[in-house]
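Asks: quick one, fold the following:
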Amino acid sequence: MSTGLSERARQFIQEHGTGAARASFGMADLGLMFPTLRRDPHLVAAMEPAFVARLPTVVEFERTYGGLTVPVVGGPLEGEIRLGLHGVDPVWRASDGRLVYRGARHPTAQCTLLFDSDGRFGTAWHDKFNVMLDSVELVLEQAAAWAALHGWPHSAIVTGADAAEVVRAVGGLSLDGDASGELSQWWSSDDLVAVSSYGLNGRGRAPASIHLVARAAAQAREIRAALTGHGFTVSGYFVGRFERVPQLVREGVVPGADGGPRREDR
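Replies: Numbers count the residues shown, from 1 in each chain. Have a look, this model is predicted:
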């Protein structure tokens with residue numbers, strides 16, 4: 001599986017990712033995660049061919065990303081995201097018929113984090129798959145982009161608005177192609193970022209929320225005035241430091257130099 005990650009994302013994983021790579025993971029290892037198949041291995045032959053044909057995609061995901069944990073400074077996945085298959089029977093069909101697999105964990109999320117066979121990332125509260133992001137690569141690209149904002153002091157949320165209209169009202173923002181996809185977009189300037197994304201309920205609530213993060217207090221006030229003047233609803237007052245995750249890199253310490261875990265090169 002080609003990761004297709006930007007240099008920013010690769011550097012972020014190298015510096016802040018932890019966990020051992022699982023490059024040797026294979027179909028036999030996947031089979032061990034299914035208790036029924038362990039008891040009666042010949043049942044594999046009776047499984048739906050279309051289902052079985054998709055399983056190599058799951059194996060490739062695990063080889064490429066399994067075991068990787070990265071910090072997430074902001075957004076709906078704030079905290080950290082731990083990639084990798086887990087649990088009993090981690091692959092199944094969702095209510096709409098698509099193959100999904102339990103490929104990520106979050107320390108506080110109460111829903112299940114999934115990927116489908118087309119690589120899209122989302123959640124499930126019951127049996128319905130709610131899409132949030134286009135790919136696992138975009139999960140990592142946005143984590144890397146959020147990390148660059150660590151310590152920016154001002155943030156707010158715009159709800160009930162079209163993201164393109166908010167971006168036009170703010171002005172001066174450029175699309176970050178590496179951190180943007182069909183379902184979530186990232187715009188930025190030197191001192192302001194706007195992120196359009198769906199929450200853990202996926203696309204069930206439209207339109208997406210727009211998260212604004214500003215570097216300077218004066219600019220935050222100007223942006224808030226401009227948005228409210230255009231009739232947008234802005235939650236929060238761009239106050240309070242935006243550092244809800246422990247400092248990513250301890251001062252004077254190079255990641256991995258102290259013998260702590262560091263993501264291995266693939």
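Asks: longest helix anywhere in this structure?
Replies: Longest among the helix segments of the chain by residue count, using DSSP state H, is helix 49-65.
Asks: identify each buried residue in that helix, please.
Replies: Buried residues in helix 49-65, counted by 16 or more other Cβ atoms under 10 Å: 54, 55, 57, 58, 59, 61, 62, 63, 64, 65. In this view, the C-beta of every residue, glycine as well, is placed from N, C-alpha and C.
Asks: after it comes which helix or strand?
Replies: Sequence-wise, the next helix or strand downstream of helix 49-65 (DSSP states H and E) is strand 69-72.
Asks: centre of the chain to stretch 61-68, how far?
Replies: Offset of stretch 61-68 from its chain centre (Cα atoms, centre = their mean, to the nearest Å): 14 Å.
Asks: repeat that for stretch 100-120.
Replies: The chain centre lies 10 Å from the centre of stretch 100-120; the measure is Cα atoms, centre = their mean.
Asks: kindly report the same for stretch 94-111.
Replies: Here stretch 94-111 is found 13 Å from its chain centre; the criterion is Cα atoms, centre = their mean.
Asks: just the CA coordinates for it, please, in PDB.
Replies: Provided in PDB are the C-alpha atoms of stretch 94-111 (Å, rounded to 0.1, in the frame of the first residue of the first chain):
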ATOM      1  CA  ALA A  94     -22.300  -2.600   7.900                       C
ATOM      2  CA  SER A  95     -26.000  -2.200   7.600                       C
ATOM      3  CA  ASP A  96     -25.600  -0.700   4.100                       C
ATOM      4  CA  GLY A  97     -23.700  -3.800   2.900                       C
ATOM      5  CA  ARG A  98     -20.200  -2.300   2.800                       C
ATOM      6  CA  LEU A  99     -17.200  -4.100   4.300                       C
ATOM      7  CA  VAL A 100     -15.800  -2.200   7.300                       C
ATOM      8  CA  TYR A 101     -13.100  -3.000   9.800                       C
ATOM      9  CA  ARG A 102     -12.300  -1.700  13.300                       C
ATOM     10  CA  GLY A 103      -9.000   0.000  12.500                       C
ATOM     11  CA  ALA A 104      -8.500   2.800  15.000                       C
ATOM     12  CA  ARG A 105      -9.000   3.700  18.700                       C
ATOM     13  CA  HIS A 106      -9.400   6.900  20.600                       C
ATOM     14  CA  PRO A 107      -8.900   7.200  24.400                       C
ATOM     15  CA  THR A 108     -12.300   9.000  25.000                       C
ATOM     16  CA  ALA A 109     -14.500   8.400  22.000                       C
ATOM     17  CA  GLN A 110     -17.500   6.200  22.900                       C
ATOM     18  CA  CYS A 111     -18.200   5.200  19.300                       C
END
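Asks: check what contacts that stretch and list those residues.
Replies: For stretch 94-111, the external contacting residues (Cβ atoms under 8 Å, 6 or more residues apart in numbering) are 51, 54, 58, 61-62, 65, 77, 79-87, 90-93, 112-118, 121, 123-125, 127-129, 136, 139, 200.
Asks: repeat that for 7 Å
Replies: For stretch 94-111, the surrounding residues in contact (Cβ atoms under 7 Å, 6 or more residues apart in numbering) are 51, 54, 58, 61, 77, 79-87, 90-93, 112-117, 123-125, 127-129, 200.
Asks: how about the helices in this structure?
Replies: Using DSSP H, helices in the chain cover 7-16, 27-31, 35-39, 49-65, 136-147, 163-170, 217-229.
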